[in-house]
Structures are given as C-alpha cells and as structure tokens.
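Engineer: what's the 3D shape of this:
(chains A and B, ligands or ions: 2)
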Amino acid sequence: MLYREVGQFRTSYAADQAIFPIRQDRFGMLALLLVAYIAVPLMANEYWLSTIFVPFFVFSLAALGLNILTGYAGQLSLGTGGFMAVGAFTAYKLATAFPGLNIVLVFVAAGIVTALVGLLFGIPSLRIKGFYLAVATLAAQFFLIWLFVKVAWFQNYSPSGVITAPPRAVFGHFFVTGPEALPAYKYWFTLTFAAVLALAAKNMVRGATGRKWMAIRDMDIAAEIIGIRPLSTKLLAFAVSSFYIGIAGALWAFIYTASVEALAFDIDRSFQILFMIIIGGLGSILGSFLGAAFIILLPIFLNNLPDQLGLHVGVALVTNLQDIIYGALIVSFLIAEPNGLAALWRIGKEKLRLWPFPH
Amino acid sequence: MHSNGGVLLKVEGIALAFGGVKALADVSFDIRKGEVRAIIGPNGAGKSSMLNVINGFYRPHAGSITYKGRTVRHMRPHQAAKAGIARTFQNIALFKGMTTLDNIMTGRLLKMRGNFLLDALYVGPARREETAHRAVVEQIIDFLEIQAIRKVPVGRLPYGLQKRVELGRALAAEPDLLLLDEPMAGMNFEEKEDMSRFILDVNEEFGTTIALIEHDMGVVMDISSRIVVLDYGRKIADGTPDEVRRDQAVIDAYLGVAHDGGKGA
Ligand SMILES: Nc1ncnc2c1ncn2[C@@H]1O[C@H](COP(=O)(O)OP(=O)(O)OP(=O)(O)O)[C@@H](O)[C@H]1O
Ligand SMILES: [Mg+2]
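Structural biologist: Numbering: from 1, shown residues only, chains lettered A, B, ... in the order given. Ligands and ions are numbered 1, 2, ... in the order given. Here you go, the predicted model:
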C-alpha cells in the first residue's frame, strides 16, 4: 500500500482534526504500540530493557516536558535537572511516608508538586525573556540541587545522601521497584507513562492550549492583542512542562537507577535534555523521542565502534574520541538540519506522499 | 456602507509622546457604527499610534476613549479584544511558525471555553468545541480564498497572502470594531483590488465597523465614508472624502507646505 492521502477524503473537520489523519499513519502507530508492548519485551534481553529502553522512555518524557516549555511556549529553561530532582525527591518522601500509597499515585503526586515548583520559578518569565530567563532558571537549578544535597530531611537522613526506592508493585504483585522487580515490568511501567503522557501532550499542543503557547512563542505582543494573557499562558507551560519533567525524575530515581543522589540531576542533565530537543526538533512531540534516542544511543554506538572495527585503543583515548565525535556530530547535524530529526522525518514523509513523482 | 448614525467609539483630547516626540496632540474624533472610517496623513503623522491607543497597546498621556458608551483613559489589549476590538498591523504580526489554519484559529481563542485538561484528554466538550470553531474558521478561509494555503506555516507565505491571513485572524474574533493598519501596503494593483473587496464585503455583510489607515488615496476615497487627517500628531481635517479632498490644510500637508508653519507650534 502506497503512502497516500489520495482516496482518503476527510469529509468532516472532525476527521481532519484526527491525531493521525492519514490511514497509514494510524496503522503505523498501532503497529508501533504492538511492537513496543509485546514484541520488544519478548525479544529484548535484560540489558536492552533496563539500560536502553527504560532510560529512553524516561529521557523522552523529560525531553517532552522541556519541549512543551521551550519548543512550544518559547521559554528557554536550564532547570530541567533541578525539576527532575524535585520529582525524584517528592516521590521518595511520599513513598516512604505513606507506604500504602499506590506507586502510580505517588508518581502523579510527584508530578503535581513539581508542577507547582515550576509555576513558582516561572513567575519571572513575565518580565524577563530569552537569555535572561535562562539565567533565572539556571539559578533555580543550582538552588534546587543545593537544597536536596544540604537538607538531610529530603533523603530521610541517609548518611550518603543517596535515596533508594522502596519495593512497590502495581496490581498487587507486579514489582516495579525493589529487589523483586523484573526488567519487563519496569519496561511496561515506564512505557505506559511515556505513551499516555505523549498522547496527552499531542492533544494539548494541537488544541487551543498549544495554539496559545505557540502564539506567545512566535509573537507575544500579537498574542496579547488577540486576547491571550501572557502570564497565565506562560505559567501553564511552566506547570505542565514541570509535571512531565517531575514524573521523569521520579521514574529515573525509582525505576531506572533504583537509588540515586541529587547530583545525578545537576546542570549536565539539564544540558543533555536541552540537546535532545534541539537535535530532535523544537516544537515536536516526535522530535522529543527521536532526540532522546539519538543522545542515548550515540555514546553506546561510539563505545562499541572500535571493537566492531577490530581496533584496539586505550580506554582514555576512546573516551576522549567519543566526546570529540559526539560534539562534532551534533554540530554538523545542526548545521545540516537546524530543525532537527523531526524535520527530516516530515520532509521524508512529504517526499513519500508524492513518490515516485518528484513534484 | 450603512452607517446608522450611532457612535461606536469616540476619542477625545488624546495626547501621546515618546520622549520629546509628540506622536499625538489633542486628537478627537468619533467612529460611527457600521462605517468605514479612514485615518490618513503623511509618514510619522501618528496614525499607527492612534490605533495603538484605541486597542490599548499604548497608554495615552491625556484624553479619553469612549467605546460602546463606556469612557476610560486606557483599556488593556486583552480587555479591548474581549470588548470586540480586533486589528491588523502595519508590519504583519502573525505567528510565523504556525499554519494559516492555526493562526486564524487563534483568533477564536476568546470564544473557546475549554482548558488544558480537556484539551489533553480531547474528550467530548473539547472535541465538539474544536470542531465548531473550525467550521467558522473554514468559512473565513473560503471567504478570503486562501483554501490552498490552509496547512502552510505562514512564515513561508508571500507578503500579500500574509496580509490576508492576518485579516482572517482578526475576522475570526467576529469583532465589532476592526482596525486595519495599511492592509494594502506593498501590494500590487490586483492584490489591492482583492483586499478592498474583502474589506467592503466584511463591512457590508457582517456590518463590522472598520477603521482603516491607508496611503493609497484612490482606495481611501473609494471605500471610506469619512476620513480623519493627521499631520504631526494633530488632526487637521475630518469629513467625507469630498470635503477632505478640497481641504486646503490637507492639500498643504501632502504638498509639504504646512510643515514649515507647523514646526514652530
Ligand atoms: N514605540 C515608539 N517609540 C518611539 N517613538 C515612536 C514609537 N511609535 C511611534 N513613534 C513615533 O511617533 C511618531 C508617529 O508614529 P506613527 O507610527 O504613529 O506614524 P504613522 O502615521 O503610522 O506613520 P507611517 O505612515 O510611517 O506608518 C513618529 O515620529 C514615530 O517615530
Ligand atoms: Mg504607521
């Protein structure tokens, strides 16, 4: 079946507004979900599930959150790591204070608390923009990490400053944290968060909410003149974005690493996630996932490359080379396609729609 | 042009200055319901500033604005929008990264009741609302004959089409008062004709009151019912196209004569 719109006349606006208006895209999405839910856990080994797929979903969620704020609403933030830490430590405090509380509710509550914190740090965005706003979020980043390192209450007075996720199960006995947790359960758990929240994000950005965000991003003066209130629109973006990032932080601490210290969410983490959305595509849901995959897979690929080629190089050299190649690839990619991987994907699809006719 | 006489908007004694520059000085005029009111004058006369005062973008230093019977010194832009004032800009203020459709849909935001949670779930009310507003926006797209560029990001459109999309976004709000700042600037003859037709159609079919800034005298004389003439921030004439055409002060201003006398004032 060719990839075509032809013959698929959308006879109503409702149909044209559907999330995937082209039938092949709908099948593609369904197939992708089937593969993700069934084929991958059947075929992938523990290494792939725990060290590639789980962090991939966690990073994708964080990137999605940052993309809502930066890509859609146009507010640059360097505080992503700090907000992930808020999610992680809130989840930890809640889970240990209320052992009976369902783990899903713990994560949602962690997201809500992070949203409130994000709201607070979003208030300066009414007055300051661009570079200066980035500096303000940087202050938030440093303050939050300092808070979680220094105030022992957040770590339940653990001497090392490390928090360890208590064992928790979903549906009674499917453990997703703790010693009995299975990689497949962790995988399904994070996948479900990523899938549900990505769908919600897609719905928001293609609806009135997303149009408000993008209007503020593209021209805040004109947005105000058609009746959009800049402060509430920006604050909503900060809150929703932080909700996503907070849940990503909680998933990171509980599901991916199981025990973590605040420094895992330092400024490097913020930059890493910013790279993801720049490479994947600002203002694109798909781009958040592509960017996360790229940033996670590239180092693994570069790590294994010398072995694959049969080269024997020292470990120190490999690490240095990796950094150089990594940086060079990112820069050259951005020069070649400043709109990110998602733009490549879209251009590819547009070509495919017309293929084999060039015009 | 079916002006029925009632006054929709009245500005009185408006003054505005930027540092030492007096952009507006003691300007008063009114706009009647249903008319096409033109504001003309040489470059820098204060025309755009006047529109900015009306829709709350600039705060005047003196004077008052009476809109729909309520008198204020200043409305905030979103209050003006809520009260039914929509506008286009001299330098086009579209949302460049969004499609034509999305840009015009933003014009309906004030009429949409949903919230982000309903949007996220895309359930019942959110979906119904989106579809209902989409239908109105499609009518505007048909009216402006821009069906073909519905899904194109407006940043990629040529200037003339961008002006049309911007008019569409303003129309989507179903305004009572539509402020147009040089809607035909930089257009060729045919584009100007199209735009004049759209403006007249909006005025006649929907009864929308229009305030229009335009440099092309042919167009102004053709489509407006009354004209305010500004020069150096002051009103120098006000009347029908015929009256304004014969006004000596206007002729002088456009020939540059009055400026020598005016500078001392
Ligand atoms: N934001 C601003 N800051 C400083 N000066 C301004 C500003 N806006 C307008 N002015 C000044 O006010 C005066 C009137 O400007 P305005 O833009 O209203 O003129 P105009 O009649 O619309 O001219 P044009 O036909 O060139 O568009 C000019 O001297 C202009 O330089
Ligand atoms: Mg002007």
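
Engineer: closest point of chain A to ligand 1, which residue?
Structural biologist: Closest contact between chain A and ligand 1, by CB to the nearest ligand atom, is at A:Ile221 (11.2 Å). Every residue, glycine included, has its C-beta placed from N, CA and C.

Engineer: Is that residue in contact with B:Phe95, as I believe?
Structural biologist: No. A:Ile221 is not in contact with B:Phe95 according to CB atoms under 8 Å; the separation is 11.2 Å.

Engineer: quick one: which of those two has more around it?
Structural biologist: Between A:Ile221 and B:Phe95, B:Phe95 has the larger neighbour count (other CB atoms under 10 Å in any protein chain shown), namely 24 against 12.

Engineer: Check that one and give its pLDDT.
Structural biologist: Looking at B:Phe95, its pLDDT reads 95.

Engineer: That one and ligand 2, how far apart?
Structural biologist: B:Phe95 sits 21 Å away from ligand 2, going by CB to the ion, to the nearest Å.

Engineer: dump the residue contacts of that residue.
Structural biologist: A:214-215, A:217-219, A:222-223, B:102-103, B:106, B:154 (CB atoms under 8 Å, 6 or more residues apart in numbering or on different chains).

Engineer: Filter those down to just the ones in helices.
Structural biologist: Counting by DSSP state H, those place A:214-215, A:217-218, A:222-223, B:102-103, B:106 in helices.

Engineer: Which one of those is nearest to B:Val123?
Structural biologist: B:Asp102 (21.2 Å; CB to CB).

Engineer: what sits against that closest one?
Structural biologist: Here B:Asp102 is in contact with A:211, A:214, B:95 (CB under 8 Å, 6+ apart).

Engineer: Check the contact between the second one and B:Thr99; I expect there is one.
Structural biologist: No. No contact is recorded between A:Met214 and B:Thr99 when judged using CB under 8 Å, the distance being 10.1 Å.

Engineer: got the CA coordinates for stretch B:230-248 in PDB?
Structural biologist: The C-alpha trace of stretch B:230-248 is given here as PDB (Å, rounded to 0.1, in the frame of the first residue of the first chain):
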ATOM      1  CA  LEU B 230      -3.500  63.700  10.900                       C
ATOM      2  CA  ASP B 231      -0.300  65.700  10.400                       C
ATOM      3  CA  TYR B 232       2.500  65.900  13.000                       C
ATOM      4  CA  GLY B 233       0.200  64.300  15.600                       C
ATOM      5  CA  ARG B 234      -2.600  66.800  15.200                       C
ATOM      6  CA  LYS B 235      -5.900  66.400  13.500                       C
ATOM      7  CA  ILE B 236      -6.000  68.800  10.500                       C
ATOM      8  CA  ALA B 237      -9.200  67.700   8.800                       C
ATOM      9  CA  ASP B 238     -12.200  65.500   9.300                       C
ATOM     10  CA  GLY B 239     -15.000  64.800   6.900                       C
ATOM     11  CA  THR B 240     -16.300  63.000   3.800                       C
ATOM     12  CA  PRO B 241     -13.900  62.100   1.000                       C
ATOM     13  CA  ASP B 242     -15.200  65.100  -1.000                       C
ATOM     14  CA  GLU B 243     -14.700  67.500   1.900                       C
ATOM     15  CA  VAL B 244     -11.300  66.300   2.700                       C
ATOM     16  CA  ARG B 245     -10.100  66.300  -0.900                       C
ATOM     17  CA  ARG B 246     -10.900  70.000  -1.200                       C
ATOM     18  CA  ASP B 247      -9.500  71.000   2.200                       C
ATOM     19  CA  GLN B 248      -6.600  73.500   1.900                       C
END
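
Engineer: How about the residue of chain A closest to ligand 1, nearest residue that isn't a chain neighbour?
Structural biologist: Distance criterion CB to CB, 6 or more residues apart in numbering or on different chains; nearest residue to A:Ile221, sequence neighbours excluded, is B:Ala93 at 6.6 Å.

Engineer: One more: A:Met214?
Structural biologist: Nearest non-adjacent residue to A:Met214 (CB to CB, 6+ apart): B:Met98, at 5.3 Å.

Engineer: Look up how far B:Gly107 lies from the one you found.
Structural biologist: 12 Å (CB to CB, to the nearest Å).

Engineer: repeat for B:Glu174
Structural biologist: For B:Glu174, the distance to B:Gly107 - CB to CB - is 9 Å.

Engineer: more neighbours, these two?
Structural biologist: Between B:Glu174 and B:Gly107, counted using other CB under 10 Å, the more crowded position is B:Gly107 (26 against 17).

Engineer: The more buried one and A:Glu224, how far apart?
Structural biologist: B:Gly107 is 14 Å from A:Glu224, by CB to CB.
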